[in-house]
Each structure stands twice: as C-alpha cells, then as structure tokens.
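> only the shape, not the letters, is given here:
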C-alpha cells in the first residue's frame, strides 16, 4: 500500500498540472473530480506504478475522457474552452505572459496539440512519455509541439490580431 | 533522458516564458481530500478484514458440518406401551373354592365334609403339585 505521506507529496506536486491537463477534456469542475478519482485509484494500488507521473496523467486522461463520453459534454467543453469561464493559470505580475492571454493561446490550438503542450510544459513529461500517452511517435510529438509553440508565439506577437479575437 | 530535438531560440524563449506560468490552484480542499484518502485507506483495511473473517467463518461452518455424525435412514423409536393387567385364568384352586363355596351356601357345611372326603382320596392317588393347596387348608380358610 502506498503511504499517505507519499500520496500527499504527489498530490502537491502534480495536482495543478493534472487539473490543467484534464481541463482539456472536461470542464474545470469535472477536471477536479477527475483528479480526486485518479488519486483515490492510485491510493488503492498495492504498489506505486513504475512511472508515477506518466501513470497519473494517463489515468487523468482516461478518466476525463470516460467522464466526457458518459455525460456527452463535448459541446459544453468546447463552449467552456472558448468562454474562459475559469482561469487556467495564476495571475502573477512577474509573468511575461498574461494568464488570460496564455489560456486564449492554448485554446486556439487543436485538442492534440494542446495536450502535447500541456504535458510537456506544465506536467514536465518527456517526449517519450508523451508519445506513449498520446499513442504517437516521438518525432511526430516533437513536430506537433514545435508547430504549436511557433503558432502561439506568432499569435502573441501580433497584438492587433489578438485584439480582434 | 536526452532530448535530441532542439527548438529554435525564439520558440525556446517562449517555451520558458510559458513554463514559468503557474497553473491555477485547484478548487480541491486538500484537507477534505486528505480525509477522503485516509477514509478510503481505512475502508480498504476494513474490507480486507471482513473478507478474511468471512472466509474463516465459512471454513468453521464447513468444519462443524464435517464433524457432526450423520444418521442414514429412519430412526426407530420404541415408545413404552401400557398394557392393562389381565386377570389370571381361573386355577384349579379357585375353581374348587368356588365350587365348594356354592355347595356350602346351598347345602350348608355337610356338603363340605363330602367334598373334602372325595378330594382327599383323589389327591392321595395322584398328587399334583399345582393342586398342593390341601383340602384341609381350604376348609380352614372357609371356616375362618
């Protein structure tokens, strides 16, 4: 059985990026439910998975997708992604990019690209782990990541276009 | 793990800027969630104990059933039956007594002497153990 202290540490370090990641599939409130379900499932395991971080994000994705499928919330999720009803990032003065702007940039990506960016930047997964999780080759994951960053950066560098949006 | 792919400097800088952003705090109450985790952990232990107890109980019942001797076929029970005592068949003694009694009542004591005289002669000829009740004894019984 996994010790409570260890679970708390994992929750402390991974819960935020996990909620951000799950928010790509379901709405924010449901994403939080998903994370709790995932940690309860982790707690019920006899031994910790070999790669806990990858396991957590894979479980979060599967649980979120099951939840979305069962409740047919796809339309609501897309609406939520576009509506910016709940913040995805902390608003801090020292950040170069505004929190709302960052969310807008992410929301502009398609689902697969957004997933890769979130897993790479905020979850800290390697390209190999992302490739396994998203069932793609490592090179295609990298290409998608690179294209996504370039697209977001270009969008950020064109303020007039952003104002229009 | 080594990452051979390299981003161009502009993208790399943008990646770093994004990476410095902190994902929003979750709305999960960590204290409440810790309680849930603890409760689930305890529930799991309780369930394992319940399962163990159930298995042991089943084994115990099986053991008990295995040790109880089994009876095959119907069981015969002999219940006591009360039988009314049956009156004895009239013996020679009682028949003789009744005969003498009738005779005495009818013809008074003279008849008794006649009866005793014949009886004594018959008993002397064929002594029968069942007729060991002597005429004299009968006479004494009647007189007394």
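Yep, that arrived. Please read all numbers here as calculations on a predicted model, not as lab measurements.
> you'd agree residue A:53 is up against residue A:14?
Yes. With contact defined as CB atoms under 8 Å, residue A:53 and residue A:14 form a contacting pair (6.5 Å). Where C-beta positions appear, they are placed from N, C-alpha and C, glycine not excepted.
> shared neighbours of the two, anything?
Residues within reach of residue A:53 and of residue A:14 at once, by CB atoms under 8 Å, 6 or more residues apart in numbering or on different chains, are residue A:123.
> lowest average confidence, helix or strand, in chain B?
The weakest-scoring helix or strand in chain B, judged by mean pLDDT, DSSP states H and E, is helix B:110-125 (a mean of 58).
> which helix in chain B has the most residues?
Ranked by number of residues, the top helix in chain B under DSSP state H is helix B:30-67.
> in that one, which residues are buried?
By neighbour count with 16 or more other CB atoms under 10 Å in any protein chain shown, helix B:30-67 contains the buried residues B:33, B:36-37, B:41.
> I'd like to know which elements the helix or strand just after it is packed against.
As assigned by DSSP states H and E, the chain's next helix or strand after helix B:30-67 is helix B:92-107. Contact partners of helix B:92-107 among helices and strands, from 3 or more CB pairs under 8 Å, 6 or more residues apart in numbering or on different chains; DSSP states H and E: helix B:110-125, helix B:135-143.
> on that earlier part again, could I get the buried residues of helix B:30-67 in a markdown table, plus columns for distance to residue A:62?
Formatted as a markdown table, the buried residues of helix B:30-67 follow (distance: CB to CB, whole Å):
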| residue | distance to residue A:62 |
| --- | --- |
| B:33 | 20 |
| B:36 | 20 |
| B:37 | 20 |
| B:41 | 23 |
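> out of the residues you listed, which is nearest to residue A:43?
Nearest to residue A:43 out of the buried residues of helix B:30-67 is residue B:37 (CB to CB; 5.4 Å).
> the closest one and residue A:3 touch, don't they?
No. The criterion here is CB under 8 Å, and residue B:37 misses it with residue A:3 at 10.8 Å.
> got the contact list for residue A:121?
B:15, B:18-19.
> could you rerun that using 10 Å?
A:17, A:20, A:106, A:145, A:149, B:15-21, B:23 (CB atoms under 10 Å, 6 or more residues apart in numbering or on different chains).
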